[in-house]
Structure formats: C-alpha cells, structure tokens
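Colleague: okay, sequence plus prediction incoming.
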Amino acid sequence: MDTTKWKSILVPIDIYQRIREIAQLEHRPIGSQLRLIFSEWLEYRHQMAQELPEEGSSDSGETEARAAGS
C-alpha cells in the first residue's frame with residue numbers, strides 16, 4: 001500500500017460495523033462511504049459557522065439577553 005496516499009485508521013468495531021452496513025446499503029466501498037460522511041460533516045460545520053452571529057455585532061447582546069430570559 002502506498003502510505004503517501006492511504007492510511008489505516010482504528011475505529012471501534014461497532015462503528016466499523018455500522019459504517020459497513022451503510023456502505024453496503026448504498027453500494028459503496030467503505031472508503032467511499034467514509035469520504036461521503038466526512039464531506040457531509042464538513043458541509044454541516046460550514047453551514048453552522050455561517051449561522052453564527054459575527055463577533056462584535058450589535059445583535060449579540062440582544063441574543064444573549066434573550067437566552068438569559070430577560
């Protein structure tokens with residue numbers, strides 16, 4: 001195996017089995033399924049970052065006050 005392109009990772013057996021089941025259902029190799037899961041996670045994180053208020057914005061104080069129940 002070309003270790004500059006591929007790496008082995010250790011995951012708990014229950015996680016491996018779940019990923020394997022999903023990969024089989026979607027007719028993908030496990031590596032492709034992991035790439036898809038990672039890509040979806042990155043997209044989710046990007047969306048969450050876009051929804052955060054900007055630091056120093058005037059709305060941040062109002063949001064904190066509402067969260068505190070004022």
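Modeller: Looks like it arrived, so ask away. All figures in this text were calculated on a predicted structure; none of them were measured in a lab.
Colleague: spatially central residue for this structure, please.
Modeller: residue 41 (2.3 Å; CA atoms, centre = their mean).
Colleague: sec struct for that one, please.
Modeller: Three-state call for residue 41 (DSSP: H, G, I helix; E, B strand; the rest coil): helix.
Colleague: quick check: pLDDT value at it.
Modeller: Listed pLDDT for residue 41 reads 96.
Colleague: distance of residue 48 from residue 3?
Modeller: Plainly put, residue 48 is 33 Å away from residue 3 if you go by CB to CB, to the nearest Å. Bear in mind the C-beta positions are built from the backbone N, C-alpha and C, glycine included.
Colleague: ok, now which ones touch residue 32?
Modeller: For residue 32, the contacting residues are residue 23, by CB atoms under 8 Å, 6 or more residues apart in numbering.
Colleague: and if you look at the one 10 residues further on?
Modeller: Applying CB under 8 Å, 6+ apart, one finds that residue 42 lies in contact with no residue.
Colleague: from residue 28, how far off is it?
Modeller: Residue 42 is 18 Å from residue 28, by CB to CB.
Colleague: much appreciated, bye for now.
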